[in-house]
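Trainee: Just need the structure, nothing else, for what follows:
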Amino acid sequence: MVARPLALAAAIAVSLLAVSGAGGADAQTPKRGGTVVGGPVTFEPACFNLLFGNCRIIPAFVRQVLEGAFEVGPDLSYRPNLVSQVTYTKKPFTLTYHIRPEARWSDGVPVTARDFVFTWQTYSKLELPDYPPAIRSVRALDAKTVRVDFRSRFAGWRDLFDMVLPWHALAGADPKTMWQDGIDNPKTGDPIGSGPFLVGSVERGRQFTLVRNRRYWGPHQAYLDRLVFRYFTPPFPGSLFGDVRGGNIDWISLLHEPELTAFCREPGITCLTAATMGWEHIAFRLRPGGHDALKQRSVRQAIAYGIDRDALVRQLFPDFQSGQPLQNFIFQPGQRFYEPHWKTYSYQPAKARRLLEEAGCRRGADGIYICSGERLSLRLVTTAGILRRARTVELVQAQLRQAGVEVVPSFVPTSAFFGQILPNGDYDLALFSFGGGPDPGPKADIWRCGGLDNYTGYCSRLVTQEFVQSQLIVDAEQRARALNRADRQMAKAVPALPLYQIPRTSAFKGIRLRGFVENGTQEGVLWNSEDWWLER
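Mentor: Residues are numbered from 1 along each chain as shown. Below is the predicted model:
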């Protein structure tokens, strides 16, 4: 699982559900039956093969069909799923997966060690980055036990086997061409999966349907008969609100935008908001080029003190009661090892001005500081078309003006921002988000010297060493100590400023869907869909 910038398409990955069927009358006892209609999904996936990103299939949907060794709960913890436990040895480093005896595929074939071995072999042949080169071998010890041998320790092992493939169905199939119109056994054409749902019908240009897996091995079968997901057609999101108001759609779930605040206050609308793993921040350009003043730590610290992050959260998400500024770049609120190292940067415009003056800057006649003969006017670049982000820029611009810093906004298309602006460093300040899972390991590529996703040019030998060493520490507490040491160092250097977690809001009107539990991870709102049921 890797850290990735959140592009617009991923940021508005939407699930809309409408009730079209009902279960029993007893509100306290889950009843089977009924259909939940979803639409839109923002775009139609080109195929259903999660091995390839060009399919654009949202992982949360596939994971209702193909389960993994672990799942991530709303508390950001890893929970055994296909396995009952995983044991390990340190010297040499090995993992032994104990597959649940009851785990089976929808055709009745047991989930076995062969499936785990086949999954690893498939990913390795395709040279996908999901499995590290540190893996020496994956082999079956018996039908329900598989061992993974490593060349070195690998701290992020819980993200391995997040989707297990059916060996008996796919052996001999071409992974590059399979699963174009569903997830099936190529030998029989029948839907296949290990999760509570299977891919049923696929109607190109309109919708696809997940149907209950009647041979699901979990604690119980899905209570619903089916989930139907319709594709989105613009305009967004105004047309969705109209469907909810008109009773055509009873539930929408999407990343929070300013329009949702007013919608959630309408009569009859109930909203549930929770933080996701996407985090918004402002990156400073430290590499050659850009404004020379940003090379000084005191200037970056002044900018941090000049931004009122508490006010950002209050004004952007007024109904998100648990919303708070992000105070750690490695861990997020709710995670066990979260430490608020960036809390020192509270809003203090007077201190910001003092730091600028200590750095040799002098305030000009228009109130903007001049540093080494150059006006402290900074080009802030971000993606166009996201109102939440535009509002963030507006607030930051006004706040920094009070500190004597001019912000010149530049809004560019998402493709240009991530394809050209960030890689080329064509900015002074960049406002964007990263996403990922609860494992902090992939964030090394954002902050270490020469990291794949290190767009700022920040390079600290000490921080890089902490990240590199943390990848080899299996003990969670020891690993967290190393990563928090790195975050404390970054809080002193200020290569960027964390702003907030991006929340997701589910809005309901007249819905009688029970068992719904919000999950801010990439598992999404569908993570416990087998527990959903309809109350009459």
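Trainee: how does the protein divide up, domain by domain?
Mentor: Taking automatic domain parsing as the reference, the chain has its domains at 4-232+509-534, 278-503.
Trainee: Run the chain-centre distance for the first one.
Mentor: Right, domain 4-232+509-534. Here domain 4-232+509-534 is found 16 Å from its chain centre; the criterion is C-alpha atoms, centre = their mean, to the nearest Å.
Trainee: Over to the last one?
Mentor: Here domain 278-503 shows a centroid-to-chain-centroid distance of 19 Å under the convention C-alpha atoms, centre = their mean.
Trainee: quick one: average pLDDT of that domain?
Mentor: Domain 278-503 shows a mean pLDDT of 95 in the predicted model.
Trainee: helix/strand/coil for L462?
Mentor: helix (DSSP: H, G, I helix; E, B strand; the rest coil).
Trainee: So what are the sheet partners of the strand ranked longest in the chain and their directions?
Mentor: Counting residues, the longest strand found in the chain (DSSP state E) is strand 270-284. Strand 270-284 has its sheet partners listed here by DSSP bridges as strand 429-435 (antiparallel), strand 496-508 (antiparallel).
Trainee: just the CA coordinates of it, formatted as CSV?
Mentor: Presented in CSV, the C-alpha positions along strand 270-284 are these (Å, rounded to 0.1, in the frame of the first residue of the first chain):
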residue,chain,number,x,y,z
THR,A,270,-29.4,13.8,8.7
CYS,A,271,-25.7,13.8,8.3
LEU,A,272,-22.8,11.7,9.7
THR,A,273,-19.3,13.0,9.2
ALA,A,274,-16.0,11.2,9.9
ALA,A,275,-12.4,11.9,9.1
THR,A,276,-10.7,10.0,6.3
MET,A,277,-7.1,9.0,5.8
GLY,A,278,-6.7,11.8,3.3
TRP,A,279,-4.7,14.7,4.7
GLU,A,280,-4.5,18.3,3.3
HIS,A,281,-1.2,20.2,3.7
ILE,A,282,0.8,23.1,2.3
ALA,A,283,4.2,22.1,0.9
PHE,A,284,7.1,24.5,0.7
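Trainee: and the next element down the chain from that strand?
Mentor: Scanning forward in sequence from strand 270-284 by DSSP states H and E, the next helix or strand is helix 297-305.
Trainee: That following helix to strand 270-284, inter-axis angle?
Mentor: Taking axes from the mean of the first three to the mean of the last three C-alpha atoms, to 10 degrees, one finds helix 297-305 and strand 270-284 inclined to each other by 160 degrees.
Trainee: buried sites along the helix or strand following helix 297-305?
Mentor: Per DSSP H and E, the first helix or strand lying C-terminal to helix 297-305 is helix 309-316. Residues of helix 309-316 classed as buried by neighbour count (16 or more other C-beta atoms under 10 Å): 309, 312-313, 316. The C-beta positions use only the backbone N, C-alpha and C, and glycine is treated the same way.
Trainee: With stretch 45-55 instead?
Mentor: Across stretch 45-55, burial judged by 16+ other C-beta under 10 Å covers 45, 47-51, 55.
Trainee: What mean pLDDT does that stretch get?
Mentor: Rounded mean pLDDT across stretch 45-55 is 87.
Trainee: cool, stretch 253-262 as well?
Mentor: Here stretch 253-262 scores 85 as its mean pLDDT.
Trainee: Pull the distance from it to the chain's centre.
Mentor: 17 Å.
Trainee: A274 and R504 touch, don't they?
Mentor: Yes: assessed by C-beta atoms under 8 Å, A274 is found in contact with R504 at 6.1 Å.
Trainee: Identify the contacts common to these two.
Mentor: Each of 518, 520 lies in contact with both A274 and R504 under the rule C-beta atoms under 8 Å, 6 or more residues apart in numbering.
Trainee: Can you pick out the residue with more neighbours from the two?
Mentor: R504 (24 against 19; other C-beta atoms under 10 Å).
Trainee: all helices of the stretch 51-200 of the chain, in order?
Mentor: Applying DSSP state H, counting those that start in this stretch to the stretch 51-200 of the chain gives helices spanning 59-62, 113-125, 167-170.
Trainee: Which strands and helices lie in contact with the longest one?
Mentor: When you say that, I think you mean helix 113-125. strand 94-99, strand 135-142, strand 145-150, helix 167-170 (3 or more C-beta pairs under 8 Å, 6 or more residues apart in numbering; DSSP states H and E).
Trainee: Now it: buried residues?
Mentor: Neighbour counts using 16+ other C-beta under 10 Å place 113-120, 122-123 of helix 113-125 among the buried residues.
Trainee: Identify, from the residues you listed, the entry nearest to T464.
Mentor: Distance to T464, by C-beta to C-beta, is smallest for Y123 among the buried residues of helix 113-125, at 27.6 Å.
Trainee: How much space separates the closest one from A69?
Mentor: According to C-beta to C-beta, to the nearest Å, Y123 stands 14 Å off from A69.
Trainee: now V202
Mentor: Note on V202: its distance to A69, by C-beta to C-beta, is 28 Å.
Trainee: Compare neighbour counts for these two and give me the winner.
Mentor: More crowded of V202 and A69, by other C-beta under 10 Å: A69, with 24 against 16.
Trainee: and the longest helix for this protein?
Mentor: helix 476-493 (DSSP state H).
Trainee: Can you show me the CA trace of that helix as PDB?
Mentor: The C-alpha coordinates for helix 476-493 follow below in PDB (Å, rounded to 0.1, in the frame of the first residue of the first chain):
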ATOM      1  CA  ALA A 476       4.900  -1.500  16.700                       C
ATOM      2  CA  GLU A 477       5.900   0.600  19.700                       C
ATOM      3  CA  GLN A 478       9.600   0.700  18.800                       C
ATOM      4  CA  ARG A 479       8.700   1.600  15.200                       C
ATOM      5  CA  ALA A 480       6.400   4.400  16.400                       C
ATOM      6  CA  ARG A 481       9.100   5.900  18.500                       C
ATOM      7  CA  ALA A 482      11.400   6.100  15.500                       C
ATOM      8  CA  LEU A 483       8.700   7.700  13.300                       C
ATOM      9  CA  ASN A 484       7.600  10.200  16.000                       C
ATOM     10  CA  ARG A 485      11.300  11.200  16.300                       C
ATOM     11  CA  ALA A 486      11.200  11.900  12.600                       C
ATOM     12  CA  ASP A 487       8.000  13.900  12.900                       C
ATOM     13  CA  ARG A 488       9.500  16.000  15.700                       C
ATOM     14  CA  GLN A 489      12.500  16.900  13.600                       C
ATOM     15  CA  MET A 490      10.200  17.800  10.700                       C
ATOM     16  CA  ALA A 491       8.200  20.100  13.000                       C
ATOM     17  CA  LYS A 492      11.400  22.000  13.700                       C
ATOM     18  CA  ALA A 493      12.400  22.200  10.000                       C
END
